[in-house]
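Engineer: My questions are about this predicted structure, shown below with the sequence.
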Amino acid sequence: MTNTLLFIVLPYLAVFACVIGSIYRTRKEPMSYSSLSSQFLENHGLMWGSLPWHLGILLILLAHILAFVCPGFWQTLTSNQVLLLSIEAAGFGLSILCLVGLVILAIRRLTSPRIQAVTTPMDLFVIALLLAQVALGAAMAVHCKWGSAWCSGTTTPYLWSLLLFQPDLSTIEDLPLIAKSHIVCAWLFILIIPFSRLIHLFAVPLEYLFRPPQNVVWNNSRKLKEECSAFVAEDTRRHFLKAALGIGFGAFLLSVGTLNKVFNFFFGPRLSKKEETELMEVKLAHLESTVDQRKLELERQASNYIMVAALSELNQSSGKYFIDYQMQPAIAFKGKDGLPLLISAKCTHLGCTVGNKVDEQGRILCPCHVSYFNIETGQPNAEAPAKAPLGHLSWVIMDERGSILASRNLEGKTACSVNQQALANGKVYIAKSQEDKT
Amino acid sequence: MSLNSVINSTFQFVKDRFPVEKLNYHSMVEKKEVPVHKMSWGYYTGGLTMFFFMIQVVTGLFLLFYYQPTVSEANVSVEYINKYVAGGSLIRNMHAWSSSCMIFCAVLHLLTAFAMKSFVKPREITWIAGVLLLFITFTFGFTGYLLPWNQIAVNATKVGLQSIEYIGEYLPGQLADVPRIIRETFQGEASVGQSTLGRFYALHVVILPLTLVSLLGLHLLSVQIHGMSQGVDKPAKKSEKFMSIFIFKDLSLWAFIFLCLFTVSMCIPFESFLPYPLLAPYNPLGSTPAGIKPEWYFFFVYYPLEMLPFWVILLASMILVGVLILTPWIFKGASRKTLGFLTILASLYLVVMTIFGEQIYELFKH
């Protein structure tokens, strides 16, 4: 019975009264449609009370509304542990901020004789209720932890059921007393909106955020002058302090961040065992390829013949790269006659390494500036930037015992002492020329 | 002309360019005024170039801690900086982005200085030092390109060095061999290898910076002695103090540019415009991958080189270098209108060749 009264009757009554009452009040007494500013009666305490209070309560209310309007989105947010902790911490911090603001506002209202003169019982009631409500909220954050998460299973469905006119109390019946009181208080607020200064909720003064600061002063020429100059001085000082604080803090953060990064850069990485192994492998592979390169060079210094490949490994369509006596790349193909065809792979244009794939017209391509070279003649195509032909290399074929089976000299003359069958097992070599020897 | 008068005029030349009575803080800094007119933005380009150079020095020193200039280690060490070192990829990216920005600003500075006719007496030395600085900056780009020792780096360097040898074809008799000797001096061995890497490294991290800094000193000294050139035909009505109005504006611009550079370096790896095969470690035994090309700032000479006969480019670049160095005397009497027109032509050519060079080349080839 009590539950029905508090959680079904009260809400509908409150919303109804709020809507009708607010419309009535804005029509009948439009001038009272505000928070009845007391700024020019007392300014100092207001700044320290009103600012933290509004800052805190606005953010908290936004979070409440978000949790109610987009339950799915809110649930994804709060299911992330880091976010949940942040939301809870921020909520609690903000509620403390609100409390501080409220207390200052209450003290101000109770101590300043000027404010006393305009204070109505309703104002005191509002402050008391706000204090109670915020205290309840803060207490919930401590005693019924993770409210931002469990609300999506309790209060959100309850509110939606009210909105859809199918009141369902099953989700909130078993809530602890603190939570229930928090809800009841909330409905009370909605109820008293039209009867109190809370009506200013509907006059959202967003333009205040963008307008230049204003100061309310007494309409008295001497006081006006004094206050104005004081205001200007104060404002200048405030601007300077704000800027200095901002720049100082920014510079501090920046230098901490930069120093941290710079230090870590010079400190050097500490690799995991796995990363270390990987790195070592890569380094070793690079070193080995350098070693291979040096071995090739040395081999070319020392030996009179360099093996290119076994004749059987060569084919007509895709050549095998090797390094000639001048340490320049060359490619070995098998010619149409079944004998090796060795051609320089250093493009005669600008020295790129020519590709080893033969196209349908028996040509290989230098990718740098698109020259096609015929592998039989070495000649480039007519439009190619390369003008000179690629040179052919001389070769010999030897068997395992090192006796020469066939050879071709630089003029392209071939000498062959055995038949094709015997050649098949031979290996192709390039021979050191007289020039290379000296 | 007698020897005496030659000596006298030489002394007079130096005296006019470096007036001793102005060599003090008061006239070089306190008294200096910067004219305010519609071309005033040109006064910021030089400072910006210097700012990018400062970034290059700092990030370069950072990279020096980890980079190893050997054929087997170079690529791995770059990889290591990118992958493991805290903030390493940021530093490397900044070095790369800022190098491009530096060259862009240097060229812009040259063009604006030319259009504003900032090279006439007594600023000839400033201009020539500036032109030399620009050449050094380009050499920085060329030598730095090789250091990561990846496919595009080594192959592009090969092509670049080979082009030097081509000059030999146009030289008579014994001289024909000189370009080859020059190339092999820089290359250090028969093909681009360890010796080349060592030489380029030495050039990039020691010789070029030292040269640049000393020339920059000369350049800045003469700028401060003679003050900003007026830049427009009608002397500007307004001017602002160099100290501290202009310098603060300059610093704020630097701060803003640094923010941009930092953001870009955080988000966009400089190499992200190239396909991976070009960035793979250099393989001396494989074929050259397709798409080898120099950095964008060489496009203005690279694509014409691809399309036109070599001698045309050779002649054109020799004329260009000659004209650039002799500008203070060639264009002594030219009006700012003519200079502005020439500048617009040159800028158009640079922009079109840099952005559309590849398309023009494709069009030309097919």
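Structural biologist: Ah, there it is. Since the model is a prediction, treat every value here as computed from it, not as a measurement.
Engineer: can you tell me how far residue A:141 sits from chain B?
Structural biologist: To chain B, residue A:141 is 37 Å away according to CB to the nearest CB, to the nearest Å. C-beta: built from backbone N, CA, C; applies to glycine.
Engineer: wouldn't that residue be in contact with residue A:87 here?
Structural biologist: No. Between residue A:141 and residue A:87 there is no contact under CB atoms under 8 Å: 10.3 Å.
Engineer: Mind checking if stretch A:248-263 is in reach of chain B?
Structural biologist: Yes. Interface with chain B: stretch A:248-263 contributes A:261-262 (CB under 8 Å from any CB of the partner chain).
Engineer: the helices in the stretch 251-400 of chain A, which residues?
Structural biologist: Assigned helices in the stretch 251-400 of chain A, in chain order: A:273-302 (criterion: DSSP state H, counting those that start in this stretch).
Engineer: what does it have sitting close to chain B?
Structural biologist: Proximity of the stretch 251-400 of chain A to chain B is confined to A:261-262, A:264-269, A:271, A:275, A:279, A:282-283, A:286-287, A:289-290, A:293, A:321, A:323, A:326-329, A:345, A:350-356, A:366-370, A:383, A:385 under the rule CB under 8 Å from any CB.
Engineer: and these, which are buried?
Structural biologist: A:265, A:269, A:279, A:283, A:286, A:289-290, A:293, A:321, A:323, A:329, A:345, A:350-356, A:366-370, A:385 (16 or more other CB atoms under 10 Å in any protein chain shown).
Engineer: In strands, which of those residues fall?
Structural biologist: When DSSP state E is applied, these are split such that A:321, A:323, A:329, A:366 fall in strands.
Engineer: worst-scoring helix or strand of chain B, pLDDT-wise?
Structural biologist: When the helices and strands of chain B are compared on mean pLDDT, DSSP states H and E, helix B:276-279 comes out lowest with a mean of 85.
Engineer: contacts for that helix?
Structural biologist: Here helix B:276-279 makes contact (CB atoms under 8 Å, 6 or more residues apart in numbering or on different chains) with B:150-152, B:271, B:289, B:291-292.
Engineer: where in the stretch 151-300 of chain A is pLDDT low?
Structural biologist: Per-residue confidence for the stretch 151-300 of chain A (pLDDT under 70) gives these ranges: A:208-209, A:212-218.
Engineer: 90 - rerun?
Structural biologist: Within the stretch 151-300 of chain A, the set of residues satisfying pLDDT under 90 comprises A:151-157, A:159-178, A:193-239, A:242, A:254, A:256-270, A:286, A:289-290, A:292-300.
Engineer: sorry, back to before: need the ones in strands among the buried ones among the residues of the stretch 251-400 of chain A next to chain B in TSV (columns: distance to residue B:349 and pLDDT).
Structural biologist: Output for these, formatted as TSV (distance: CB to CB, whole Å; pLDDT from 0 to 100):
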residue	distance to residue B:349	pLDDT
A:321	41	87
A:323	42	84
A:329	37	85
A:366	29	85
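Engineer: now, which of those sits nearest residue A:24?
Structural biologist: Among those, residue A:366 lies closest to residue A:24 (CB to CB), at 89.9 Å.
Engineer: isn't the closest one right next to residue A:346, touching?
Structural biologist: No. Between residue A:366 and residue A:346 there is no contact under CB under 8 Å: 9.4 Å.
Engineer: Not counting sequence-adjacent ones, nearest residue to residue B:364?
Structural biologist: Distances taken as CB to CB, 6 or more residues apart in numbering or on different chains place residue B:307 nearest to residue B:364, at 4.9 Å, with adjacent residues excluded.
Engineer: Give the burial count for residue A:50, as a bare number.
Structural biologist: Residues near residue A:50, counting by other CB atoms under 10 Å in any protein chain shown, number 19.
Engineer: actually residue A:339, not the one I wrote
Structural biologist: Neighbours of residue A:339 (other CB under 10 Å): 19.
Engineer: Show the contacting residues for it.
Structural biologist: Each residue near residue A:339 by CB under 8 Å, 6+ apart is listed here: A:397, A:406, A:408, A:414, A:416, A:423.
Engineer: What is the most widely separated pair among those?
Structural biologist: The most widely separated members of the contacts of residue A:339 are A:408 and A:423, with 12.4 Å between them, by CB to CB.
Engineer: Contacts only, for the residue nearest to the spatial centre of chain B.
Structural biologist: Chain B has residue B:137 as the residue nearest its centroid, 2.9 Å off, counting by CA atoms, centre = their mean. With contact set as CB under 8 Å, 6+ apart, residue B:137 has these partners: B:102-103, B:106, B:212.
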